[in-house]
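Student: Pasted the sequence and its predicted model underneath.
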Amino acid sequence: MIFCRLLALLLCGTAATVYFASQSIRLTVVATLACSLLLQMVYFASVLFLIWRSSSAGKAGQGAELFDGSQEVRYQSRDDEHRNEAQDVPQRNQTLGISLLLP
């Protein structure tokens with residue numbers, strides 16, 4: 001809501017300023033549309049920048065995990081896998097039942 005209010009305030013301010021400076025409605029409409037287009041392009045570029053920054057931070061974190069020598073590799077037998085799956089089933093069903101009750 002705040003973003004929309006600021007956007008409307010900025011566009012109205014731009015329209016009023018251009019109209020009082022030029023006394024032309026046609027120029028006011030063109031300038032307001034140009035300002036709107038410029039704001040949309042800046043918003044799109046900032047979203048792309050935030051996506052790029054978060055993905056590069058995620059890749060840096062993954063690289064640190066891959067080169068960490070303190071991690072152990074554990075192997076499980078098939079019996080252990082079946083036992084773990086059997087233990088997970090009641091937990092999944094309980095969680096599903098709870099999530100269906102919540103709005």
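Tutor: It's in.
Student: I'd like to know which elements the helix or strand harbouring residue 57 is packed against.
Tutor: Assessed by DSSP states H and E, residue 57 sits inside helix 25-66. Here helix 25-66 touches helix 2-22, going by 3 or more CB pairs under 8 Å, 6 or more residues apart in numbering; DSSP states H and E. Quick note: C-beta positions are derived from backbone N, CA and C, even for glycine.
Student: now the helix it packs on against helix 25-66, angle please.
Tutor: Here the directions of helix 2-22 and helix 25-66 differ by 150 degrees (axes from the mean of the first three to the mean of the last three CA atoms, to 10 degrees).
Student: Against which helices or strands is helix 2-22 packed?
Tutor: Using 3+ CB pairs under 8 Å, 6+ apart, helix 2-22 sits against helix 25-66.
Student: Just name the shakiest helix or strand of the chain by mean pLDDT.
Tutor: helix 78-101 (a mean of 53; mean pLDDT, DSSP states H and E).
Student: so where's the chain uncertain?
Tutor: Applying pLDDT under 70 to the chain flags residues 61-103.
Student: Try it again at 80.
Tutor: Across the chain, the ranges flagged by pLDDT under 80 are 58-103.
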